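> I need the structure of the sequence given here:
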Amino acid sequence: MKNYTTLKLLALSSVFVTAMAFSCQDHHIPDPVTNCKRADGTSRAVNCEFEFVKAEFYRVDEYPYNPPRLDTVVYATATPTSPNVSIKEPRYAAWIISSSSLLYYIQLPVRVTIKRIAPKPSGTTGYLLRKDFNASTNNNDEFPTYYGSLPPDSSLTPVQIDVPVGGIFTYNTVYIWSGGASDDYPYINYHLNGANNYFLVQNVETSKLLRQAPYSYTLYRDIAEAKLLFHPYIIPSSDPF
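Now for the predicted structure:
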């Protein structure tokens with residue numbers, strides 16, 4: 001049985017990145033100013049470097065051939081214009097880790113693609129790939145998709161993104177949710193449907209700059225070079241244990 005400390009350590013672990021950078025040019029390159037909005041809809045003080053292309057949630061099916069075959073199957077894709085993500089529960093209560101409290105833990109692999117829309121600023125030291133991120137609908141609260149608090153920038157491991165304007169960068173990670181479910185027989189309700197979840201990419205140095213006067217930005221979504229909003233929807237299973 002996992003405990004809350006274990007959950008927090010797992011959730012705060014660094015992004016597992018298997019990144020591929022493609023230098024091919026995309027002829028449709030958004031304007032880095034008009035494509036760069038803060039959470040309140042106003043323009044950011046400096047250009048954004050990236051836009052999110054898509055986030056593909058997938059599973060790996062293994063077939064007992066000789067040699068064994070592994071097939072990657074994408075079952076849901078989030079894009080800036082199509083944010084809804086349907087996630088099927090593998091079996092009834094599949095993610096419940098405590099039958100007494102109905103505590104759940106969900107960890108799903110996802111492949112994320114971003115595109116550079118503006119040149120890298122001089123002095124850039126690296127980028128932060130933030131995930132497991134939630135934001136409330138009615139105010140500016142930002143919080144993780146698990147119990148605890150959002151990890152500060154200093155606890156995340158920077159990565160290098162060396163692609164030209166128009167080039168794309170793809171990385172693999174896992175998205176984590178944990179919390180308390182309820183038993184709405186014959187289904188388990190994980191209380192995730194329609195949540196405002198995000199992927200973010202931050203420039204380490206730009207994030208520091210925008211947190212200082214005269215900007216004094218406080219929201220991660222405002223200091224991010226790009227953000228992808230998606231809404232998870234769990235398709236419940238009524239299959240028995």
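
> show me where pLDDT drops low in the protein?
Regions of the chain meeting the criterion pLDDT under 70 cover residues 1-27, 239-241.

> what are the ranges of the helices in it?
With DSSP state H, the ranges of helices along the chain come out as 4-12, 204-211, 220-223.

> Only C-alpha atoms, please: export the shortest one in CSV.
So that's helix 220-223. The C-alpha trace of helix 220-223 is given here as CSV (Å, rounded to 0.1, in the frame of the first residue of the first chain):
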residue,chain,number,x,y,z
TYR,A,220,3.4,29.9,-14.0
ARG,A,221,1.0,30.2,-17.0
ASP,A,222,2.2,33.8,-17.4
ILE,A,223,5.9,33.1,-17.4
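
> I'd like the distance from it to the chain centre, please.
14 Å (CA atoms, centre = their mean, to the nearest Å).

> Need the contact partners of it.
Contact partners of helix 220-223, identified using CB atoms under 8 Å, 6 or more residues apart in numbering, comprise 38-39, 44, 130, 133, 135, 142, 150, 198, 200, 202, 206-207, 210-211, 217, 227. No exception for glycine: its C-beta is placed from N, CA and C like everyone else's.

> Same check on the second one?
By CB under 8 Å, 6+ apart, the residues outside helix 204-211 that reach it are 44-46, 49, 121, 123-128, 153, 158, 215, 217-218, 222-223, 225.

> buried stuff in it?
204, 206-207, 209-210 (16 or more other CB atoms under 10 Å).

> Would you pull up how far it lies from the middle of the chain?
Relative to its parent chain, helix 204-211 has a centroid offset of 20 Å by CA atoms, centre = their mean.

> Could you do stretch 122-142 as well?
With CA atoms, centre = their mean, you get 9 Å for stretch 122-142.
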